[in-house]
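> coordinates for the following, if possible.
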Amino acid sequence: MRKTTKLGIALIALAIAFPSGVSAQNSISDLANSTNELVNSTKELIGIFKRKTPKNKDANSATAMTQGEAATVGYTATEVSSASAAPGAFRLVTGHPDFKIKVLRCEAAGKTCVIDMIIENTGSNDVEVLFDASGRGSVAYDDEANEYSGDAVRIAIGNNGLNWGGRYKLLSEVPVKARIQINGVRESATMLRRMDIYVESHAWNLDSHIKFMNVPISREGDE
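Model (predicted):
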């Protein structure tokens with residue numbers, strides 16, 4: 001008896017949910033159609049997104065082109081960006097990877113300007129270098145277009161006193177103090193735009209100039 005009652009209740013609930021077989025089939029068909037429309041709309045949106053988004057291979061090709069163009073002038077893309085982003089920054093070129101120079105200060109008092117440095121041969125062998133600060137194209141220019149050369153420029157390497165220059169043996173991995181002095185510098189000058197000091201070394205195959213660019217001049221009282 002109880003089983004018959006439960007069966008009757010279930011049939012009544014089914015009849016309420018689906019009044020007829022035809023309406024039930026229509027409901028299922030409508031649900032299927034709605035699902036298909038949703039899937040098609042989703043696919044269309046995905047297609048639009050893919051068309052508007054750049055492909056990875058195109059971005060990689062652009063990067064490779066930039067690096068290739070930079071390689072023709074001997075720089076990587078990053079180095080080119082850094083150089084172009086900081087015009088007027090201090091630079092120093094010695095002409096050999098084992099020839100290192102560290103500028104400690106460039107300070108002026110009155111019309112005398114001194115540049116204190118540490119020079120080091122980081123190679124495995126001792127190397128003899130000729131320094132000539134007063135001849136062979138050695139020259140300095142300040143930011144007011146004044147030129148200093150000849151007797152106005154002197155250099156001291158190690159314990160040697162200030163003079164035009166001379167030969168000095170740079171021992172392997174031994175830092176050496178050095179100083180360049182420029183006389184007659186205008187008191188209004190704030191920077192050495194360029195300074196070339198001639199050097200010669202057969203071991204390093206050097207017959208050129210150390211190039212200092214954009215060296216700020218400090219003065220007593222500057223903060």
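
> how about Glu220: what's its closest non-neighbour residue?
Among residues not flanking Glu220 along the chain, Ala109 sits closest, at 6.2 Å (C-beta to C-beta, 6 or more residues apart in numbering). (Each C-beta comes from the backbone N, C-alpha and C, glycine too.)

> who is that neighbour paired with across the strands?
Thr112 (DSSP bridges).

> could you list the low-confidence segments of the protein?
In the predicted model of the chain, residues 1-87, 223 satisfy pLDDT under 70.

> how about a cut-off of 50?
2-8, 10-14, 20-22, 24, 31, 39, 45, 48-49, 52-85 (pLDDT under 50).

> how about the helices in it?
Using DSSP state H, the helices found in the chain span residues 2-17, 21-52, 56-71, 77-85.

> ok, how many other residues are close to Gly158?
12 (other C-beta atoms under 10 Å).

> Ile101 contacts Ile118, doesn't it?
Yes: using C-beta atoms under 8 Å as the test, Ile101 is close enough to Ile118 to be in contact (7.3 Å).

> what sits in contact with each of those two?
Shared contacts of Ile101 and Ile118 (C-beta atoms under 8 Å, 6 or more residues apart in numbering): Ala178.

> count of neighbours near the residue nearest to Glu220?
11.

> do the same with Arg186
Counted with other C-beta under 10 Å, the neighbours of Arg186 add up to 15.

> for the one 4 residues further on, same thing?
Taking other C-beta under 10 Å as the criterion, the count of residues near Thr190 is 14.

> what is the neighbour count of the nearest residue to Asp151 once chain neighbours are set aside?
Spatially, and ignoring its direct neighbours in sequence, Asp151 is nearest to Ser134 (6.4 Å; C-beta to C-beta, 6+ apart). Neighbour count for Ser134, taken as other C-beta under 10 Å: 18.

> which ones are touching Ser134?
Applying C-beta under 8 Å, 6+ apart, the residues contacting Ser134 are 149-151, 153-154, 164-165.

> Val129: which of these is nearest?
Of all these, Val129 sits closest to Gly165, with 9.9 Å by C-beta to C-beta.

> measure the closest one to Arg193 for me?
22 Å (C-beta to C-beta, to the nearest Å).

> the two: which has the busier surroundings?
Using other C-beta under 10 Å, the more surrounded residue of Gly165 and Arg193 is Gly165, with 25 against 17.
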